[in-house]
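# Quick one, structure for this:
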Amino acid sequence: MSHIFGRTATLPVPEEAKQQGPTPEEVIANRSGDVLIKHTVLKADHFPSCHNTKLTPIIEGAPNFRKVDGLPVYGVAIPTATGLRNVLNRLGAQKGSRKVYWQNLREEPLVFINGQPFVVREQDQPFSNLEYTGIDRSRVELMEERLKQDIMAEAQKFGNRILVVHENEDLSLYDHWEPVTPSDVQTPQEVYAELVADGYDVDYLRVPVTDEKAPKDNDFELLINRLWSVPEGAALIFNCQMGRGRTTTGMIIASLLYLRRIE
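Numbering: from 1, shown residues only. Presented below is the predicted three-dimensional model:
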């Protein structure tokens with residue numbers, strides 16, 4: 001199956017492939033999870049054009065990493081699991097040497113599969129975020145736990161493999177069967193808990209914000225209360241998917257609060 005801008009072109013299927021199991025179209029049409037439902041795909045968050053190479057330093061696995069000049073405020077796209085460690089090492093959080101407050105501003109449920117971030121998208125709109133305007137932290141994190149369960153249940157049907165979608169430089173998509181075991185699929189909470197267990201001093205918080213919209217009033221209050229009382233020398237970092245819109249909003253809030261504190 002080949003996709004271009006959300007359109008699907010059906011290619012001839014070799015006879016040997018027919019004997020191996022259902023086609024990607026059949027897998028997607030028959031999904032039956034709580035979150036990974038019919039006609040949805042697991043799309044890789046990272047793609048060839050997601051990294052603005054003009055931003056420095058370039059950190060492997062962490063596109064669009066940047067810092068506010070003169071302030072301990074940072075932004076980044078959703079990193080890979082390895083990219084997370086690279087960022088925390090850059091910020092000095094290893095072995096508890098510096099406290100890092102990490103705010104994930106994504107409202108869409110995601111999981112890490114073999115260390116790579118994936119998000120649920122509609123099959124016919126693979127380039128558009130699913131919106132959950134008004135969703136709270138507990139609900140989105142519960143959806144991620146259920147998404148992990150959906151993935152493992154589906155993988156059992158296909159030889160411990162899950163069908164995912166990746167993006168090419170020309171915006172076409174291609175299907176890929178990703179091998180998985182229970183330890184290969186992690187929610188963001190599990191990834192950060194693993195980092196803490198490994199000695200990183202990182203305080204993780206999910207604050208769901210709809211893309212291209214302002215945070216809800218209660219989320220503003222949550223961020224203000226959290227960021228106002230951070231200890232001296234701590235790093236404040238924000239991410240969304242691309243590390244642009246929602247991330248920049250978070251960075252502005254943190255910068256204004258920091259400047260007010262030091263007046």
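# For the rest of this, base every contact and every neighbour count on C-alpha atoms.
OK.
# can you pull the alpha-carbon coordinates of stretch 231-245 into CSV?
Output of stretch 231-245 as CSV, limited to C-alpha atoms (Å, rounded to 0.1, in the frame of the first residue of the first chain):
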residue,chain,number,x,y,z
PRO,A,231,14.3,25.8,42.8
GLU,A,232,17.2,28.0,41.8
GLY,A,233,19.2,26.5,38.9
ALA,A,234,16.4,24.2,37.7
ALA,A,235,15.8,23.8,33.9
LEU,A,236,12.3,24.2,32.5
ILE,A,237,11.6,22.4,29.2
PHE,A,238,8.5,22.0,27.1
ASN,A,239,7.5,19.7,24.2
CYS,A,240,4.6,19.1,21.9
GLN,A,241,4.9,17.1,18.6
MET,A,242,7.1,19.4,16.5
GLY,A,243,8.3,21.6,19.3
ARG,A,244,6.8,24.7,17.7
GLY,A,245,3.3,26.0,18.5
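# Count the neighbours of residue 52 for me.
12 (other CA atoms under 10 Å).
# That one should be in a strand, yeah?
No: counting by DSSP: H, G, I helix; E, B strand; the rest coil, residue 52 falls outside a strand, being coil.
# Tell me how far it lies from residue 62.
The spacing between residue 52 and residue 62, counted by CA to CA, to the nearest Å, is 11 Å.
# ditto for residue 154
Taking CA to CA, one finds residue 154 at 29 Å from residue 62.
# which of the two has more neighbours?
Neighbour count, other CA under 10 Å: between residue 154 and residue 62, residue 62 has more, with 25 against 20.
# these two touch, right, that one and residue 85?
No: in this structure, residue 62 is not within contact of residue 85 by CA atoms under 8 Å, at 9.5 Å.
# ok, the closest residue to residue 176 other than its chain neighbours - contacts?
Take residue 176 and drop its neighbours on the chain: the residue closest to it by CA to CA, 6 or more residues apart in numbering is residue 164, 5.4 Å away. Contact analysis of residue 164 by CA atoms under 8 Å, 6 or more residues apart in numbering lists 41-44, 175-178.
# Could you do residue 115 as well?
80-82, 184-185.
# redo that, cut-off 6 Å
80-81 (CA atoms under 6 Å, 6 or more residues apart in numbering).
# Residue 51 too?
Residue 51 touches 63-64, counting by CA under 6 Å, 6+ apart.
# Could you measure from it over to residue 243?
9 Å.
# picking that back up, of the contacts of residue 164, just the buried ones, PyMOL syntax please.
Buried residues within these, by 16 or more other CA atoms under 10 Å, are selected in PyMOL with:
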select buried, resi 41+42+43+44+175
